[in-house]
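[1] structure of the sequence below:
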Amino acid sequence: MRSVVHWIDVSFADYKQLTERVIARWSRGDHEAALDEAERAYALETGVLAEHGYGHGAWGLISVYTGLKRFDDARRIFGEVIDDKALFSARVKRDAATAEKILVAGACIAWESGDFAVQAKPMRRAYDRRSPDGADLAYAFACFFARIEDHRVWKALDAAISKGTPIAHVLADADLTSLHRDRRWDDIVARDRPWRIESHPSGARIFLDGVDTGVDTPGRVKPVRETHRVRLVLDGYADDEVEVTASSQLSLGRHLISLAEIAERQRMIDDAACEPDEAARAKTRAFVGDIRSARITLTRHTTYGLGSLTIEVRGDGKLVLDRGTFMTTDTPLHHEAEAAVESLFEAFIAAAFTELVIANQPGVPDEIYVDVALAGEGGRCKHGKFARNPHRRFDALVDAVRELAKAAVDPSLHAALTL
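    All right, here's what the predicted structure looks like:
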């Protein structure tokens, strides 16, 4: 008796080493080197160790044969596993996850070989007598049955989704495309899994492909296809329409643009296209008053890779340059210089700075934002915008401040004046 137990212990030790090496070599794609060990592990698993219900040997041999494109051998081993009900039950009882991997490996034979018809019969047998029922296995069955147009696909797909398979993955999978027009697709895939659609501000009515859903944001609507046109309608705001692909997003958030904001943007476009009249220039001149007491401050706000930058031009001829840091290793900069500033103030007056129309428009991540403030006897007037939103006169004033600073400071500091 002791010799039999010892023999089994030794066999198990060999089996464990063999399966570990098979798994390691298979994961590296070294299937040829793994073959002998995979065959030996399977022989132990189905021989002296059969009553223990181990499964790594079966999975390893099926996977190695598949990797070597020995598909007939892979199918033969898979058939043996499926047909031996007692041993398969023991495998499930001992380690359901590994038993599931064996069945997934059986499905992979079809994908690797491209021959689904040959694998159809054993896969149907595997499905009918399966005990492991995790999400990966259920999804593998669903994709396989979709390819062979087997009615079992719907039950398998429902199980996969219920067990956590992401809807976005289901919608994007080309293996399931043939199911999209079937009425059961809506019942199983979209049932109780609607899109969440939000807007800022909220309260917009949601239209799906031109049809009023009767739902306002934030709300949920149920997609029935992979792609829909979603339109949001809210009084006082422009209609917002976008094509939504469910494979990339199951929720949607939109920023609505008010009609007043659109009008302001048009005013900015019109303002940028024309020269100011004398009345507008007179208003800025009166605002500035005595240039010697006035001040212009340009600020480039911190963005990726660049710290903040402030250029202050005083009417008394002093220029102050301050650069903030972006990284902790950066060195802040403070520099003062003298400059001839009168022409710059005259440029601000000629551009009618206080009368500029600069609309509030969004930028993109890490885009440079610059604001310019003019202080004088009339108080303080500030305009700012992202770089991507052009305004000819504003941009020209920004360049004028920068060029004045470059002329006033040492060339070694010119790199700090990036805008």
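
[2] use CA for all of it now, contacts and neighbours both
    Fine.

[3] tell me the secondary structure for the closest residue to Phe207 other than its chain neighbours?
    Leaving aside its chain neighbours, Phe207 sits nearest to Arg231 (5.0 Å; criterion: CA to CA, 6 or more residues apart in numbering). Here Arg231 is recorded as strand under DSSP: H, G, I helix; E, B strand; the rest coil.

[4] got any ranges where the stretch 51-200 of the chain has weak pLDDT?
    Applying pLDDT under 70 to the stretch 51-200 of the chain flags residues 130-132, 186, 190-193.

[5] circling back: my read is that the residue nearest to Phe207 contacts Asp240, right?
    Yes. Between Arg231 and Asp240 a contact is recorded at 5.5 Å, counting by CA atoms under 8 Å.

[6] mind listing what Gly29 touches?
    Taking CA atoms under 8 Å, 6 or more residues apart in numbering, we find Gly29 in contact with Gly67.

[7] am I right that it is in a helix?
    No. Counting by three-state DSSP, Gly29 is not part of a helix but coil.

[8] how near is it to Ala99?
    Counting by CA to CA, to the nearest Å, the gap between Gly29 and Ala99 amounts to 22 Å.

[9] Gly415: neighbour count?
    Not quite, residue 415 is Ala, not Gly. Other residues near Ala415 come to 9 when the count uses other CA atoms under 10 Å.

[10] am I right that it sits in a helix?
    Yes. Ala415: assigned to a helix according to three-state DSSP.

[11] mind listing what it touches?
    With contact set as CA under 8 Å, 6+ apart, Ala415 has no partners.

[12] now Val313
    Arg295, Ile296, Thr297, Leu319, Val320, Val341, Val401.

[13] just these now: which is nearest Lys222?
    Thr297 (52.5 Å; CA to CA).

[14] could I get the phi/psi values of the closest one?
    Backbone torsions of Thr297, given as degrees, to the nearest 10, read phi -130, psi 120.

[15] cool, Lys163 as well?
    According to degrees, to the nearest 10, Lys163 has phi -90, psi 0.

[16] number of nearby residues for the nearest residue in space to it that is not next to it in sequence?
    Of all residues not flanking Lys163 in the chain, Ala135 sits nearest, at 5.2 Å (CA to CA, 6+ apart). Residues lying near Ala135 (other CA under 10 Å) number 20.

[17] next, the contact list for Ala135, please.
    Ala159, Ala160, Ile161, Lys163, Gly164, Thr165.

[18] just the buried members of the residues you listed?
    Ala159, Ala160, Ile161, Thr165 (16 or more other CA atoms under 10 Å).

[19] correct me, but the first one touches Leu137?
    No. Contact status for Ala159 versus Leu137: not in contact, 9.6 Å apart, counting by CA under 8 Å.

[20] can I get the strand or helix carrying Lys385 as PDB, trimmed to CA atoms?
    Assigned by DSSP states H and E, Lys385 belongs to strand 379-386. Only the C-alpha atoms of strand 379-386 are listed here, as PDB (Å, rounded to 0.1, in the frame of the first residue of the first chain):
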ATOM      1  CA  GLY A 379     -10.400 101.000 -13.900                       C
ATOM      2  CA  ARG A 380      -9.300  97.600 -15.200                       C
ATOM      3  CA  CYS A 381     -10.400  95.800 -18.300                       C
ATOM      4  CA  LYS A 382      -9.300  92.200 -19.000                       C
ATOM      5  CA  HIS A 383      -9.800  89.900 -22.000                       C
ATOM      6  CA  GLY A 384      -8.600  86.300 -22.400                       C
ATOM      7  CA  LYS A 385      -8.900  83.400 -24.700                       C
ATOM      8  CA  PHE A 386      -7.500  80.000 -25.700                       C
END
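
[21] among the buried ones among the contacts of Ala135, which are in helices?
    Ala159, Ala160, Ile161 (DSSP state H).

[22] using JSON lines, lay out those together with distance to Arg254.
    Shown next, in JSON lines, are these (distance: CA to CA, whole Å):
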{"residue": "Ala159", "distance to Arg254": "33"}
{"residue": "Ala160", "distance to Arg254": "31"}
{"residue": "Ile161", "distance to Arg254": "28"}
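
[23] and which of the residues you listed is nearest to Arg147?
    Distance to Arg147 across those (CA to CA) is lowest for Ala160, with 16.3 Å.

[24] out of the contacts of Val313, which are inside helices?
    Using DSSP H, the contacts of Val313 in helices are Val401.

[25] Trp154: which of the contacts of Val313 is nearest?
    Thr297 (66.9 Å).

[26] who touches the closest residue to that closest one other than its chain neighbours in this structure?
    Excluding its sequence neighbours, the residue lying closest to Thr297 (CA to CA, 6+ apart) is Glu312, at 4.4 Å. Neighbour list for Glu312: Arg295, Ile296, Thr297, Leu298, Leu319, Val320, Leu321 [criterion: CA under 8 Å, 6+ apart].

[27] which stretches in the stretch 301-419 of the chain count as strands?
    Using DSSP state E, counting those that start in this stretch, the strands found in the stretch 301-419 of the chain span residues 309-314, 318-323, 333-338, 369-376, 379-386.

[28] quickly compare those and say which is most buried.
    Comparing the strands of the stretch 301-419 of the chain by mean neighbour count (mean count of other CA atoms under 10 Å), strand 309-314 ranks first with a mean of 23.

[29] could I have the CA atoms of that strand written out in CSV?
    Extracted C-alpha coordinates of strand 309-314, given in CSV (Å, rounded to 0.1, in the frame of the first residue of the first chain):
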residue,chain,number,x,y,z
LEU,A,309,4.3,83.7,-17.4
THR,A,310,3.5,87.3,-16.5
ILE,A,311,4.7,90.3,-18.4
GLU,A,312,3.8,93.6,-16.7
VAL,A,313,4.4,96.8,-18.7
ARG,A,314,4.1,100.0,-16.6
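
[30] which residues sit in contact with Leu298?
    Contacts of Leu298 by CA under 8 Å, 6+ apart are Thr310, Ile311, Glu312, Val370, Asp371, Val372, Ala373, Val398, Val401.
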